[in-house]
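# My questions concern the predicted model and sequence given below.
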Amino acid sequence: MCLAIPVKVVELLEAEQALVDVGGVRKEVDVSLVDGVKAGDFVILHVGFAINRLDEDEAQRTLSMLREMGVEPGAAA
Amino acid sequence: MTTAIPAEGRVELRLEWDGRVVQRAEVRSRRPQPAALLTGRAPGQARAIIPRLYSLCGDAQSVAVEALEAVLRSGAPDSNAIADWAERIRLENIREHLWRLGLDWPRVVGEPQQPAPVRELLGERTRFATDREAAGNWAGKTFADLFGHANLAWLENPEPDSLAQWLEEAPTPLAGLLARLRPRLTGLGPSALPFFRGRDLQPMVQTALPRLQSDPDFHWRPDHQGQVFEMGPLPRQAAHPLIAAMLACQGVPDSWLRVLARVLELAGALDSLQRGIEPRLGIAWQRGAHESMVALEMVRGVLMHWQEAVPDGIRDYRIVAPTEWNFHPEGPAREGLLQLQAPDEPQLREMVTLQVMALDPCVQYELEILHA
């Protein structure tokens, strides 16, 4: 029952890695499973991998729902 | 409001280890529930909200909420909907198996990861759900990449020697991975708890409906008639000739059998997809005066959605994830950890990692070792 945590891609790194912002915490993740990820994109994070891209409005709606559930996305980092 | 539960939930393991043997094991699973988000909303809104919240198991969660809505609306889902859900669940199960075998296990043993099939399925899942020819072609290619073409008698027959030969000779990354895993997983994580059987799904729903109504903690530590089950690929594959033969030989399942069952289930699912065989979905439902629930068999076991609604809206909504059975305080994870022998703490941590991965929780775990 893995929650879908939207995160913002801050910087692309080498070897299909990227730096993402998880509730204010920077974390290195693997973006090899999603084509064409670039800085500024929002992606769904799952155990260290980006698995889906979504637009910012959708990401913010999901983050708002997660907070309403009592979830603090930064704790996923 | 925030809670102490981390964003993705958590399994907590606490072991008392005397320097040689684990004398005591505590297992606890916690995760956020959607009730706070859904309470007071119209029942139909669950369908719009739940699918947003879950990642890799999102199809199973979506199917459960769609099925619950169908039960509320008309008493039962129709057969066309169930066929559509079965295909989505099959594809999700394949993706999860590919993730474990192509990304997670290679990382643990230091083998190169195999992300290509996961990436292809993530990108094409919507098309594959309706385009059977495209899905079948992809499944055939993926099967060949994983298994090769020789020494495959073990996939359908009780032939451990055929499996051993395949592990030794097949030139595929999966065979190499499994050859390295087998000696490390054999004998690890034994559990004598009964396997969950598909025929128990409807009776389980009938008993769980009032339990969820009366017990606010049922979703953390579920049981069926006082019994905790092991769930997942191994119980589903228990009747496979190879698994049945190995179980008859060794008596108690271990982590190697759990991984092997996953491999067999993946092979069967790819084969059926390639040959255009319709998938079957284990699903059951029950509607009470104000409560309804749906249970379905997804990759890790039985997923339950329960909703209590009154005319003003949803009053409560809870999800019982299959991880809550395998990582139940009295479940197979705890059984496997008790009496675990390790000569030092690094090896103990490594053995715990292997056992946990074989039981496949849907969230990460934290391990605390107390020196007895």
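That came in fine, so what should we check first? Bear in mind the structure is a predicted one, so any value in this text is a computation, not a measurement.
# make it CA atoms for all contacts and neighbour counts henceforth
OK.
# Would you mind finding the longest strand in chain A?
What stands out as the longest strand in chain A, according to DSSP state E, is strand A:5-12.
# Which of the helices or strands spans the residue nearest to B:A175 when sequence neighbours are not counted?
Spatial nearest neighbour of B:A175, chain neighbours left out: B:L167 (5.0 Å); criterion: CA to CA, 6 or more residues apart in numbering or on different chains. Using DSSP states H and E, B:L167 falls within helix B:160-169.
# do B:P106 as well
Going by DSSP H and E, B:P106 is part of helix B:105-109.
# Okay, buried residues for whatever helix or strand comes next after that helix please.
Later in the chain than helix B:105-109, the nearest helix or strand by DSSP H and E is helix B:116-130. In terms of neighbour count (16 or more other CA atoms under 10 Å in any protein chain shown), helix B:116-130 has its buried residues at B:P117, B:V118, B:R119, B:L121, B:L122, B:G123, B:R125, B:F128, B:A129.
# which residues touch residue 29?
Here I'm looking at chain A. A:V29 is in contact with A:Q17, A:A18, A:L19, A:V20, A:G48, A:F49, A:A50, counting by CA atoms under 8 Å, 6 or more residues apart in numbering or on different chains.
# you looked at the wrong chain, it should be chain B
B:G9, B:R10, B:V11, B:E12, B:W220, B:T323, B:E324, B:F327, B:H328.
# The same query, at a cut-off of 7 Å, please.
Contacts for B:S29 (CA atoms under 7 Å, 6 or more residues apart in numbering or on different chains) come out as B:R10, B:V11, B:E12, B:W220, B:E324, B:F327.
# Could you tell me which of those residues count as buried?
B:R10, B:V11, B:E12, B:W220, B:E324, B:F327.
# ok, so of those, who is nearest B:A333?
B:F327 (5.5 Å; CA to CA).
# Excluding residues flanking it in the chain, which one is nearest that closest one?
B:A333 (5.5 Å).
# Go ahead and name everything in contact with the helix or strand in which that neighbour is found.
Per DSSP H and E: B:A333 is located in helix B:332-337. The contact list for helix B:332-337, computed with CA under 7 Å, 6+ apart, reads B:V22, B:A25, B:E26, B:V27, B:G189, B:P190, B:S191, B:L193, B:E230, B:N326, B:F327.
# Over to stretch B:293-302?
Stretch B:293-302 is contacted from outside by B:60, B:64, B:67-68, B:89, B:93, B:205, B:209, B:231-233, B:281-287, B:303-307, B:321-322, using CA under 7 Å, 6+ apart.
# Of those residues, which ones also sit close to chain A?
Near chain A, taking CA under 7 Å from any CA of the partner chain as the test, the members of these found are B:A321.
# Restricted to helices, list the contacts of stretch B:293-302.
Mapping the contacts of stretch B:293-302 onto helices (DSSP state H) picks out B:A60, B:A64, B:A67, B:L68, B:I89, B:N93, B:V205, B:L209, B:P233.
# Quick one: the residues you listed as JSON lines, columns for neighbour count, distance to B:E265 and pLDDT too.
JSON lines is the format used below for these (neighbours: other CA atoms under 10 Å in any protein chain shown; distance: CA to CA, whole Å; pLDDT from 0 to 100):
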{"residue": "B:A60", "neighbour count": "25", "distance to B:E265": "17", "pLDDT": "95"}
{"residue": "B:A64", "neighbour count": "28", "distance to B:E265": "22", "pLDDT": "96"}
{"residue": "B:A67", "neighbour count": "27", "distance to B:E265": "25", "pLDDT": "96"}
{"residue": "B:L68", "neighbour count": "29", "distance to B:E265": "27", "pLDDT": "94"}
{"residue": "B:I89", "neighbour count": "27", "distance to B:E265": "13", "pLDDT": "96"}
{"residue": "B:N93", "neighbour count": "24", "distance to B:E265": "9", "pLDDT": "97"}
{"residue": "B:V205", "neighbour count": "24", "distance to B:E265": "25", "pLDDT": "96"}
{"residue": "B:L209", "neighbour count": "22", "distance to B:E265": "30", "pLDDT": "93"}
{"residue": "B:P233", "neighbour count": "25", "distance to B:E265": "7", "pLDDT": "98"}
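# any idea how far A:A59 is from the spatially most central residue of chain B?
Geometric centre of chain B, nearest residue: B:R300, 1.0 Å, by CA atoms, centre = their mean. Remark: distance between B:R300 and A:A59 (CA to CA, to the nearest Å) = 27 Å.
# repeat for A:G24
15 Å.
# Between those two, which is the more surrounded one?
Using other CA atoms under 10 Å in any protein chain shown as the criterion, A:G24 and A:A59 rank with A:A59 on top: 22 against 13.
# And the pLDDT for the more buried one?
At A:A59, the predicted lDDT confidence score is 92.
# So B:G44 lies in a helix, does it not?
Yes: secondary structure assignment places B:G44 in a helix (DSSP: H, G, I helix; E, B strand; the rest coil).
# Please report phi then psi for A:Q60.
The phi and psi torsions at A:Q60 (degrees, to the nearest 10) take the values phi -70, psi -40.
# show me the contacts for it.
Applying CA under 7 Å, 6+ apart to A:Q60 gives no contacts.
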